[in-house]
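Let's see this in three dimensions:
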Amino acid sequence: MSRVGKKPISLPQGVTVDLQGQEVSIRGPRGALGMALHPQIQARVENGELFVERPNDQRQVRALHGTMRSLLQNMVTGVSEGFRRSLVIEGVGYQAEMRGQQLLLKLGHSHEVLETAPEGVTFEVPKEGRGRLVHVEGIDKQVVGQVAAQLRKWRPPEPYKGKGIRYSDEIVRRKAGKAGKTI
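All right, here's what the predicted structure looks like:
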């Protein structure tokens, strides 16, 4: 049996799960999320825990078992705690600031980049980061990660000076510059 799939998902205080056939909706203090389970995967709630079950041991069904359990776990975590992805901006003159609900990025382009957060996602630029730190927050892990990746795409980190936008936990491998000419 799948090691990931057989683990029950504990439901924190204030989180409710509604099962309507293959439709699962999870509601918590930070919002609500829903998804449709694969037709071969079943879910049930018992004693404050959510269980994900599969009918057989076929290879495809085993893979779906762990995947569906992970997606449901991410939904429970999202509606109870939320997700945050932090981006660090490196480079002289590179900075970020909030302009209303939009994020303004100055990244050395000939123009400033103005990004609007999609529904359910918020941007935050802390004052102590002096415009060099951007937090992307929301309840849907996939959407938060996608928005952070789109921001990073504006100026990915380069390996020589390390300039660009990188994730806070990302390590940029640095390369040596020109060796120089020997006489």
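
buried stuff in the helix or strand where His65 lies?
Here His65 sits within helix 59-80, counting by DSSP states H and E. For helix 59-80, a neighbour-count test (16 or more other CB atoms under 10 Å) marks 61, 64-80 as buried. No exception for glycine: its C-beta is placed from N, CA and C like everyone else's.

Kindly report the same for stretch 157-168.
Quick answer for stretch 157-168 (16+ other CB under 10 Å): Pro157, Lys163, Gly164, Ile165, Arg166, Tyr167.

Name the nearest residue to the last one, sequence neighbours excluded.
Closest residue to Tyr167 in three dimensions, ignoring its sequence neighbours and counting by CB to CB, 6 or more residues apart in numbering: Leu87, at 6.2 Å.

following the helix holding His65, which helix or strand comes up?
Heading C-terminal from helix 59-80 (DSSP H and E), you reach strand 83-90.

for Arg44, what are its contacts?
Leu19, Leu50, Phe51, Glu53 (CB atoms under 8 Å, 6 or more residues apart in numbering).

top of these by neighbour count?
Leu50 (22 neighbours; other CB atoms under 10 Å).

List phi and psi for the residue nearest the centre of the chain.
Nearest to the geometric centre of the chain sits Gly145, at 3.1 Å (CA atoms, centre = their mean). Backbone dihedrals for Gly145, given as degrees, to the nearest 10, come out at phi -60, psi -40.

number of nearby residues for the nearest residue to it once chain neighbours are set aside?
Closest residue in space to Gly145, ignoring its immediate chain neighbours: Arg85 at 6.2 Å, by CB to CB, 6+ apart. Residues near Arg85, counting by other CB under 10 Å, number 22.

so what's Leu19 bridging to?
Val24 (DSSP bridges).

residues contacting it?
Ala43, Arg44, Val45.

okay, and for this protein, where does confidence drop off?
1-2, 180-183 (pLDDT under 70).

what do you get if the cut-off is 90, keeping everything else the same?
In the predicted model of the chain, residues 1-6, 21, 48, 55-58, 62-63, 100-101, 127-132, 161-162, 170-172, 174-183 satisfy pLDDT under 90.

And it, split by domain according to the record?
9-80, 83-167 (automatic domain parsing).

can I get the ones you listed in a markdown table with distance to Gly177?
Putting those into a markdown table (distance: least, CB to CB, whole Å) gives the following:
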| stretch | distance to Gly177 |
| --- | --- |
| domain 9-80 | 42 |
| domain 83-167 | 6 |
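
my guess is Thr16 meets Val24, correct?
No - in this structure, Thr16 is not within contact of Val24 by CB atoms under 8 Å, at 11.3 Å.

So these two - more neighbours on which side?
Using other CB under 10 Å as the criterion, Thr16 and Val24 rank with Val24 on top: 22 against 12.

That one: what's it in contact with?
With CB under 8 Å, 6+ apart, Val24 has these contacts: Val17, Asp18, Gly34, Met35, Ala36, Leu37, Ala43, Leu72, Met75.
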